[in-house]
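Enquirer: for reference, the sequence and a predicted model appear below.
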Number of protein chains: 2
Amino acid sequence: MTISAPVGPTTVHEDLAARLRAEVGAHAVQDSPSEIYQGDRAVRAPQGTRFVLVLPDDVAGVQATLRVAQETATPVVPRGAGTGLSGGATPTQGAIVLSLERLTAVREIDPVDEVAVVEAGVITADLSTALAPHGFFYAPDPASAAISTIGGNIATNAGGLHCAKYGVTRESVLALEVVLADGTLLRTGHRSLKGVTGLDLTQLLIGSEGTLAVVTSATVRIRPLPVARRTLLARFADSAGAAAGVGAISRSPVRPAATELIDGGTLADIDAHSGSSLARGTDAVLLLELDGYGIGEQTADLTHALEAVGGDVLVIEDEQEAERLWELRRSGRGSGAGGHRLGEDIAVPKSRLAEIFTELAVIGERHGVQTSALAHAGDGNLHPLLAVDREASEAADSSLPPTLLAAADDLVRAAIDLGGTISGEHGIGTSKQGWLDLELSPVSRALQLRLKDAFDPQHLLNPGKAL
Amino acid sequence: MTISAPVGPTTVHEDLAARLRAEVGAHAVQDSPSEIYQGDRAVRAPQGTRFVLVLPDDVAGVQATLRVAQETATPVVPRGAGTGLSGGATPTQGAIVLSLERLTAVREIDPVDEVAVVEAGVITADLSTALAPHGFFYAPDPASAAISTIGGNIATNAGGLHCAKYGVTRESVLALEVVLADGTLLRTGHRSLKGVTGLDLTQLLIGSEGTLAVVTSATVRIRPLPVARRTLLARFADSAGAAAGVGAISRSPVRPAATELIDGGTLADIDAHSGSSLARGTDAVLLLELDGYGIGEQTADLTHALEAVGGDVLVIEDEQEAERLWELRRSGRGSGAGGHRLGEDIAVPKSRLAEIFTELAVIGERHGVQTSALAHAGDGNLHPLLAVDREASEAADSSLPPTLLAAADDLVRAAIDLGGTISGEHGIGTSKQGWLDLELSPVSRALQLRLKDAFDPQHLLNPGKAL
């Protein structure tokens, strides 16, 4: 067989790919990557965006990739599983997309130290699966846990359902192994639960959305599986009533592992698509999980607190029934199926929950938009859904109607006016940058850019995201 | 009455004091401050060190002080109550010592949001006193809680006895109000429990020992008072046995609120000075506090876990007796009273506790130094005490004998060799800087200095400390 001499690289793109192949290995470099790498679950790169995908299978490969990036002044977009909802992993023109998906080792599980050492590409739920035989679990549980990675969770400081009791990702990370923009390896933090030596780089890196360094592994805190669990369903006349229920829990000594508020629109959607009867004539429910010791006393105290503010409380003793309720909760997509839909992620102080639900309805009316919301109510975090019907004549394109964007804008501003935040747990990415100035002062933003400079003077790491 | 014309300032020191009086108010400025401001509980400024003390009574006063500092290029040493154990608040020659002690307002307590907004000068224990009528407490409880301030606790990321369950100071701070080196006010963080907008400046500032900014107030998370408490005392043959007890707790589903390991030397000291019989023939005890729901089940499971590894467990039902035991624990100063004494603060992964106790004994023998230790064993944090007798002929001066310093050096290195840290909770200040390179790589230190530059380009904030 005769093979013609290879044609030399003719474009910057091919040149970059060739160089990466030489440094990281041909098996790790793709210059025409599959479509799935063109964005995350919220934002796609504009058509025609060209990038090189690198999938190193070890830390050395990550370092080599970043060295090539620095030498060629190429932007790098770090990527976990691409399940983000804010466009944080969207490729930019000419960039290297650096996927950590092949770094999947659970390097260590230590029940006495109560830590696990896991690589960035480990799927979050897989860690808890690996921990279960040891009697432990990993507490942070974003809704995406079955498909997102530890590294992505750290990049966004991911939240989830159990944060009011167990904390967000930040509270479960003790130490990091990261690669800096120039390819240098840096270890931060400590394996002991305490440690105060120097500035806390670990904490600064968590939630930095790949703009400061690339996380390759983490030492995370693990927790013992609770001795018992109990699910409660509390029905209220409306969202304001359910919000009062959340306040009643705050004033009680009980701290549920999960406190999910499901509003009328979401309930109607769930009941319609699954044949359930969650709503049963009411317009808001709290779905609650208790765990730990004294589950009977906890149940009694929580029931008492909720009934005192008008809740109709059902204690679910049967485990299968409880699991079904949580599945229904996870299936809740809100009203407006089939139309244009826009999911939001805001948070407010818990005392303002009733007001943000009122605002949501007002905004919906103002813009002629259907509104509904799920909330991780225990930490004030709402996921409203805004929807408008699709015109029959419309093509099924994905661009959102201006009315939906205007409603989202009003909603984010309402959250800020109520003392809240423009993003509870999904991050800023590209999709929320327009609102950054609502929450961060010019002094804060300038300072954050100086910190970015300290880590990444060439601004190669995830440029145009987060900050 | 005739008043002669004031004599103009004749020195830089008086000039600075006059300028501060003009900007902050005469009542807030002292150019010959009382002796208590000359250091903290560990390190005194060298004799003859001259500084101006400023005690602003509001945030505007803090800002004015920092503006004067910047305009005159004067270093600023922020100060809480001066109870630190690492020299973080020690004045330097010509500096402004900026005490936050007059910022004592608890601005707000909100039981529904589960937050309090407190000024930096609030005494930590006073916050819990203010919260108690609302059914809440503030979890971080350094041993100094009755005398130290929230601001100082934030500057050092203070720990305490209840951190394994409730976290260190870091886990209880949601938002900060700080003054930057140039006098600008900056607000960081969020009041909702979740929030991921931008880099987490709050977390970076916590534990930065006054080197990045001056904290004036904090929004802290508060927690419901537990429905029940129970104290247990578990006796073991030796420290290794007690360390095995700590491992047994890790493997159990129980998480005590406090897990204090008291070794033989400390027990002997306590029993000798208080007439107690804590040791009762054994050489190490775990003093444990359980709290929350299901206290009976928790007690049974914990007792079972400790007995399985040879612990002799006593459950203290009587509240007064329990309180007395905790008082005895607090009174434990270790062996070597009357001699030269050096307290340490290291942490190791919990699985290495037995080894660090062995190392402590070996180091003691090597240097002819008496050793004993208390440990917040639930988070691997040890407070060893090193002591040598004072020669009869010796004057009662405070300089430490070289043998004590050599033993401390061996001990800190041993902690690092076991995967631990040079400071669990007291901070670096001036006294631990010599060991920084044991724990932080040159890459990490260089990066931290760049972050310092981003906050404080003139290096006016607490120069020579921490970093």
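Expert: Cool, the structure landed.

Enquirer: where in chain A is pLDDT low?
Expert: A:1-10, A:334, A:337, A:392-398 (pLDDT under 70).

Enquirer: 80 instead, please
Expert: A:1-10, A:332-338, A:391-398 (pLDDT under 80).

Enquirer: okay, domains of it per the record?
Expert: For chain A, automatic domain parsing gives the domain ranges A:12-99, A:106-224, A:229-331, A:340-426.

Enquirer: close to chain B: what parts of the stretch 51-200 of chain A are there?
Expert: Counting by C-beta under 8 Å from any C-beta of the partner chain, the stretch 51-200 of chain A comes close to chain B at A:110-115, A:135, A:156-157, A:159, A:163-164, A:167-168, A:170-171, A:180, A:184-188, A:190-200. The C-beta positions use only the backbone N, C-alpha and C, and glycine is treated the same way.

Enquirer: check those for burial and list the buried ones.
Expert: Buried members of those, counted by 16 or more other C-beta atoms under 10 Å in any protein chain shown: A:110-115, A:156-157, A:159, A:163-164, A:167-168, A:170-171, A:180, A:184-188, A:190-200.

Enquirer: count of residues packed around A:Arg366?
Expert: Using other C-beta atoms under 10 Å in any protein chain shown, A:Arg366 has 12 neighbouring residues.

Enquirer: the nearest residue to it once chain neighbours are set aside: helix or strand, and which one exactly?
Expert: In this structure, A:Arg366 finds its nearest non-sequential neighbour in A:Asp410, 7.1 Å apart by C-beta to C-beta, 6 or more residues apart in numbering or on different chains. Here A:Asp410, judged by DSSP states H and E, is contained in helix A:402-417.

Enquirer: same question for A:Asp126.
Expert: helix A:124-131.

Enquirer: helix or strand right after that helix?
Expert: strand A:136-137.

Enquirer: helices or strands up against that following strand?
Expert: Secondary-structure packing of strand A:136-137 (3 or more C-beta pairs under 8 Å, 6 or more residues apart in numbering or on different chains; DSSP states H and E): strand A:223-224.

Enquirer: list the strands paired with whichever helix or strand comes after the strand it packs on, with their directions.
Expert: Moving toward the C-terminus from strand A:223-224, the next helix or strand (DSSP H and E) is strand A:229-236. Applying DSSP bridges, strand A:229-236 is found paired with strand A:284-291 (antiparallel), strand A:312-316 (antiparallel).

Enquirer: with only the CA atoms kept, save strand A:229-236 in CSV.
Expert: Output in CSV follows, covering the C-alpha atoms of strand A:229-236 (Å, rounded to 0.1, in the frame of the first residue of the first chain):
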residue,chain,number,x,y,z
ARG,A,229,-35.4,9.0,56.2
ARG,A,230,-39.0,10.2,56.1
THR,A,231,-40.9,12.0,53.4
LEU,A,232,-43.8,14.5,54.2
LEU,A,233,-46.1,16.2,51.8
ALA,A,234,-47.7,19.4,53.0
ARG,A,235,-50.5,21.0,50.9
PHE,A,236,-51.2,24.8,51.1
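
Enquirer: quick one: contacts of that strand?
Expert: In this structure, residues lying in contact with strand A:229-236 by C-beta atoms under 8 Å, 6 or more residues apart in numbering or on different chains are A:242, A:244-245, A:257, A:278-280, A:282-291, A:295, A:298-299, A:302-303, A:306, A:310-317, A:322, A:325-326.

Enquirer: which of the residues you listed are buried, as a ChimeraX select command?
Expert: For the buried members of the contacts of strand A:229-236, the matching ChimeraX selection, counting by 16+ other C-beta under 10 Å, is:
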select /A:242,244,245,257,278,279,282,283,284,285,286,287,288,289,290,291,295,298,299,302,303,306,311,312,313,315,316,322,325,326
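
Enquirer: quick check: which element contains the residue lying closest to A:Ile109 once chain neighbours are set aside?
Expert: Closest residue to A:Ile109 in three dimensions, ignoring its sequence neighbours and counting by C-beta to C-beta, 6+ apart: A:Ala116, at 4.9 Å. Using DSSP H and E, A:Ala116 sits in strand A:115-119.

Enquirer: re earlier: pull out the buried positions in the helix holding A:Asp126.
Expert: Buried-residue list, helix A:124-131, by 16+ other C-beta under 10 Å: A:124-128, A:130-131.

Enquirer: isn't A:Ser274 right next to A:Leu325, touching?
Expert: No - applying C-beta atoms under 8 Å, one finds A:Ser274 not in contact with A:Leu325, separated by 10.9 Å.

Enquirer: residues contacting A:Ala244?
Expert: A:236, A:309-310, A:354.

Enquirer: got the CA coordinates for the helix holding A:Asp410 in PDB?
Expert: What follows is helix A:402-417, C-alpha atoms only, in PDB (Å, rounded to 0.1, in the frame of the first residue of the first chain):
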ATOM      1  CA  PRO A 402     -38.500  38.900  23.200                       C
ATOM      2  CA  THR A 403     -41.400  38.800  25.500                       C
ATOM      3  CA  LEU A 404     -39.900  35.800  27.300                       C
ATOM      4  CA  LEU A 405     -36.500  37.600  27.600                       C
ATOM      5  CA  ALA A 406     -38.200  40.700  28.900                       C
ATOM      6  CA  ALA A 407     -40.100  38.700  31.600                       C
ATOM      7  CA  ALA A 408     -36.900  37.000  32.600                       C
ATOM      8  CA  ASP A 409     -35.200  40.400  32.900                       C
ATOM      9  CA  ASP A 410     -38.000  41.700  35.200                       C
ATOM     10  CA  LEU A 411     -37.800  38.500  37.300                       C
ATOM     11  CA  VAL A 412     -34.000  38.800  37.900                       C
ATOM     12  CA  ARG A 413     -34.400  42.400  38.800                       C
ATOM     13  CA  ALA A 414     -37.200  41.500  41.200                       C
ATOM     14  CA  ALA A 415     -34.900  39.000  42.900                       C
ATOM     15  CA  ILE A 416     -32.300  41.700  43.400                       C
ATOM     16  CA  ASP A 417     -34.900  44.100  44.700                       C
END
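
Enquirer: if you count contacts, what does it end up packed against?
Expert: Against helix A:402-417 (3+ C-beta pairs under 8 Å, 6+ apart) you get strand A:340-343, strand A:346-347, helix A:353-367, strand A:381-388, helix A:436-439.

Enquirer: contacts for it next, please.
Expert: Contacts of helix A:402-417 (C-beta under 8 Å, 6+ apart): A:340, A:342, A:344, A:346-348, A:356, A:359-360, A:363-364, A:366-369, A:371, A:382, A:384, A:386-388, A:421-422, A:432, A:435, A:438-439.
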